[in-house]
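A.B. asks: no FASTA, just this:
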């Protein structure tokens, strides 16, 4: 499996390490450039200079796993990755500690922009699930 990964903090770094040890190809990005590059390489992943490049390096279907703190960090990361949603078979997975209502809102925004989502906001809210937008 090929995976783009954004966020190499304590949880993200451990996840990337385990994925790379399991034979998966991971291209990782962290906001702190020098530290992120070192962490990615130490984990056995390729390093990326931009969050959007973390998934563009892999052929479709693409998946980008976001492990950043809730709030502005998640909002800006998902916004930067939004351009990827125009590519076929691209998924953005928010694995951080955001409230699922924020994910429902982002999925609705992606739907209004013409992107296909894995669940409608109404279904996600009713089920308590937080599925992410895909193209």
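C.D. replies: In hand now; what should we look at? Just so it is clear, the model here is predicted, and its values are computed rather than measured.
A.B. asks: and residue 43, how far from residue 63?
C.D. replies: Separation of residue 43 from residue 63 (C-beta to C-beta, to the nearest Å) stands at 17 Å. For every residue, glycine as well, the C-beta is placed using N, CA and C.
A.B. asks: to clarify, my last question referred to residue 39.
C.D. replies: Distance, residue 39 to residue 63, using C-beta to C-beta: 20 Å.
A.B. asks: now stretch 96-107: buried residues?
C.D. replies: By neighbour count with 16 or more other C-beta atoms under 10 Å, stretch 96-107 contains the buried residues 96, 98, 102-104, 106-107.
A.B. asks: which ones among those residues are found in helices?
C.D. replies: Among the buried residues of stretch 96-107, the ones falling in helices (DSSP state H) are 102-104, 106-107.
A.B. asks: quick revisit: so residue 43 and residue 63 - more neighbours on which side?
C.D. replies: residue 43 (22 against 19; other C-beta atoms under 10 Å).
A.B. asks: I'd assumed residue 22 was in contact with the more buried one.
C.D. replies: No: checked against C-beta atoms under 8 Å, the pair residue 43 and residue 22 is beyond contact range at 11.8 Å.
A.B. asks: pLDDT of stretch 1-14, averaged?
C.D. replies: Across stretch 1-14, pLDDT averages out at 89.
A.B. asks: how about residues contacting it?
C.D. replies: 15-16, 19, 24-30, 35-36, 39-40, 43, 45, 48, 51, 54-59, 62-69, 77, 81, 95-96 (C-beta atoms under 8 Å, 6 or more residues apart in numbering).
A.B. asks: same thing but 6 Å
C.D. replies: Here stretch 1-14 makes contact (C-beta atoms under 6 Å, 6 or more residues apart in numbering) with 16, 24-30, 36, 39, 43, 51, 54-55, 58, 63-68, 77.
A.B. asks: which PyMOL command selects the buried ones in those residues?
C.D. replies: Only the buried entries of the contacts of stretch 1-14 go into this PyMOL selection, using 16+ other C-beta under 10 Å:
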select buried, resi 16+26+27+28+29+30+36+39+43+51+54+55+58+63+64+65+66+67+68+77
